[in-house]
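Peer 1: Mind folding the following:
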Amino acid sequence: MIAETLVNSTFGTEHFTMEQKQYLQGFFAGVAQSRAVPFVGHTASGLITNDSSLGLRNEAAAEEELYFGTPVSDLCREERWKFEQNPLDVWDKLLEHANENKAPAVEDIFRFKFHGLFYVSPAQDSFMLRMRVPGGVLRAHQLRGLAELSAECGSGHAEMTTRSNFQIREFAPKSIVRVLNAVQALGMSSRGSGADNVRNITASPLAGIDPNELYDVAPLAEALNTYILNSRDMYGLPRKFNVAFDGGGSVSVVADTNDIGLVAVRVGEGQDVPAGVYFRVLLCGITGHRQFASDCGVLLRPDQTVAVAAAMIRVFAENGDRTDRKKARLKYLVDTWGVGRFLEETEKRLAFPLIHLAASSCEPRQAVDRQGHIGVHPQSQSGLNYIGVVAPVGRLQVAQMLALAEVAERFGTGEVRLTVWQNMIVPNVAEANVQAAVDAIRAAGLDVSAGSVMAGTVACTGNQGCKFAAADTKAHAVALANYLDERFNILQPVNLHVTGCSHSCAQHYIGDIGLMGVKVGGEEGYQVNIGGGSDGDRGIGRELIPAIKFIDLPETMGRLFEAFTNQRRSDESFLEFSRRHSVDELKSFCLAKEAA
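Peer 2: Presented below is the predicted three-dimensional model:
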């Protein structure tokens, strides 16, 4: 083919007979072969061969080293740092930085994230530690230990995240080794909680206690977390990776925003598989890029879920883009390959075949309770209740953490659950102890009830602790939620998602109201999006206001809610109201006469 191309491009073809063409092609083939790089390879039996078609390494050529199949010279900056030193092998550097109480260089800022350590300068001249809390399940002694660690080394408070996780903030470089050792002593880990790794495995927060669940997913989340911790090759992915297990119960874990969402479903009689509970596989959620995870047509038995997730993560690790971080998430690999090829590559790594069954052959997922994570609710176990504790935008003081640990031990079974809604659940409280537990929670400055907006409000760290954020998201989220709850009788849930930048850690595109921090005339402000939702309300929010100073935002949103209060249809939610109207109509409401 090469020789034919050379003949055609050099001489053309119209002036030669067939014999002349064959002669010239043979001549050029010989020339090409004489210029080829000599090949010398070693076969498995130890013989030396010159046959380059065997797929062996050419020991006679100066070949560029590859990293996951990519030439080192093509790697992006972060991949080169991983190639030069595996971030899991930097313990000596951690000791050095602790002994000298010094800030890390830029490449080590990145590597330290593999241990859950985030140097957050210039927002704060300190470290933040992000934990791994698989399924959001904590024991009281672990919560107490984290509180003591925060008091001794950190800021005196901790933050619950939108991945059912904990962050301890504001500790000096000198404390990083002490903090890591203390976490390990609690039977916990922070390894792989940041950078290019599988982040905290989320699961339905009511796993095992939800009267409406189809399957207890807590053991699945724990199993995948354990597998990752014990599998060195599961670290150092092309980019971060999120996995969620949804047991099909009352409280959402927003599985459709994850790279892999495993959602329990029931299959009835008369289908191509035996009736029972299975899991659907959702792929490529990345709502910061305005994409939900989509059903890929695969059905799994519960015992297959962890193995399939592990295989899919490995396919991504081996084939994801390591040259361009903007194109390095799972979405872009599947966009390039197609779902079919991705599933084929996954199946090559499994000892069992995948089951393909259309989602329409499964029973629909039941509706979620959008405020089921707040308040007192009966469990599936007779006589027991869980209590959803309101912790505005996820921030807990040390004294509150200690109080909640005491409540869990005294009135429950010594267990607490974290949710993606940045609050905490105390399970297994006997009916006779509910009021005493609620009183103790309130005595700690917390509560078990909130207004319809505050109950659904989440916020990222904001510019008080993150260099990327353009606004003080936590303070603004609380202020706006309180403003709306105090002025309007809002009966149905309203989710307010406030994120500081385009990284969208608080997933602003899926909020009934989604705010993204921007600078407006040098002041803190927000882009306002409206009408987003997940699960049964799935939808990406529409931009309502491109930029508005926060000082002007409460009154502007107040005018919108005044229109909602006056014009909504019977039992219409704010989400339904906002989706029923065009953006121009909603803007006109915001510009109307100020609400009284």
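Peer 1: Geometric centre of this structure: which residue is closest?
Peer 2: Nearest to the mean C-alpha position of the chain, counting by C-alpha atoms, centre = their mean, stands Asn242 at 4.1 Å.
Peer 1: what's the spacing between the residue lying closest to that one once chain neighbours are set aside and Ile551?
Peer 2: Leaving aside its chain neighbours, Asn242 sits nearest to Asn258 (4.2 Å; criterion: C-beta to C-beta, 6 or more residues apart in numbering). All C-beta spots, glycine's among them, are computed from the backbone N, C-alpha and C. Counting by C-beta to C-beta, to the nearest Å, the gap from Asn258 to Ile551 is 36 Å.
Peer 1: Those two - which one has more neighbours?
Peer 2: Between Asn258 and Ile551, counting by other C-beta atoms under 10 Å, Asn258 is the more crowded of the two (28 against 12).
Peer 1: Tell me the confidence at that one?
Peer 2: In this model, Asn258 is scored at 97, pLDDT.
Peer 1: same thing with Arg57?
Peer 2: pLDDT recorded at Arg57 is 81.
Peer 1: What of the one 10 residues further on?
Peer 2: Reading off the confidence values, Tyr67 has pLDDT 93.
Peer 1: Just list the residues touching it, thanks.
Peer 2: The contact partners of Tyr67, by C-beta atoms under 8 Å, 6 or more residues apart in numbering, come to Leu75, Glu79, Lys82, Phe83, Arg322.
Peer 1: Just put those residues in TSV and tack on neighbour count and pLDDT.
Peer 2: Output for the contacts of Tyr67, formatted as TSV (neighbours: other C-beta atoms under 10 Å; pLDDT from 0 to 100):
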residue	neighbour count	pLDDT
Leu75	19	96
Glu79	22	97
Lys82	23	97
Phe83	17	96
Arg322	25	97
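Peer 1: Let's see which of the residues you listed end up in helices.
Peer 2: Glu79, Lys82, Phe83 (DSSP state H).
Peer 1: Once you drop chain neighbours, what's closest to the second one?
Peer 2: Closest residue in space to Lys82, ignoring its immediate chain neighbours: Gly236 at 5.3 Å, by C-beta to C-beta, 6+ apart.
Peer 1: Looking at the one you found now. What's its pLDDT?
Peer 2: Looking at Gly236, its pLDDT stands at 92.
Peer 1: residue contacts, it?
Peer 2: Neighbouring residues of Gly236 by C-beta under 8 Å, 6+ apart: Lys82, Asn86, Pro87, Leu88, Phe114, Asp196, Asn197, Ala317.
Peer 1: From Glu107, how far out is the first one?
Peer 2: Using C-beta to C-beta, Lys82 is found at 10 Å from Glu107.
Peer 1: Quick check: the residue nearest to the centre of the chain touching Ser193?
Peer 2: No - taking C-beta atoms under 8 Å as the definition, Asn242 is not a contact partner of Ser193, at 11.9 Å.
Peer 1: okay, and the common contacts of those two?
Peer 2: Counting by C-beta under 8 Å, 6+ apart, the contacts common to Asn242 and Ser193 are Arg199.
Peer 1: Let's have the ones in helices among the contacts of Tyr67 in CSV, adding distance to Ala479.
Peer 2: Converted to CSV, these look like this (distance: C-beta to C-beta, whole Å):
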residue, distance to Ala479
Glu79, 41
Lys82, 41
Phe83, 46
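Peer 1: ok, so of these, who is nearest Ala44?
Peer 2: Nearest to Ala44 among these: Phe83, at 27.7 Å, using C-beta to C-beta.
Peer 1: And for the closest one, nearest residue in space, chain neighbours not counted?
Peer 2: Nearest non-adjacent residue to Phe83, counting by C-beta to C-beta, 6+ apart: Tyr67, 4.8 Å away.
Peer 1: tell me what the helix or strand containing Val434 is packed against?
Peer 2: Element membership for Val434 (DSSP states H and E) is helix 434-443. On a contact count with 3 or more C-beta pairs under 8 Å, 6 or more residues apart in numbering; DSSP states H and E, helix 434-443 meets strand 384-389, helix 398-411, strand 424-430.
Peer 1: hang on, the earlier thing: quick check: the residue nearest to Phe83 vs Leu75, distance?
Peer 2: From Tyr67 across to Leu75, the span is 6 Å (C-beta to C-beta).
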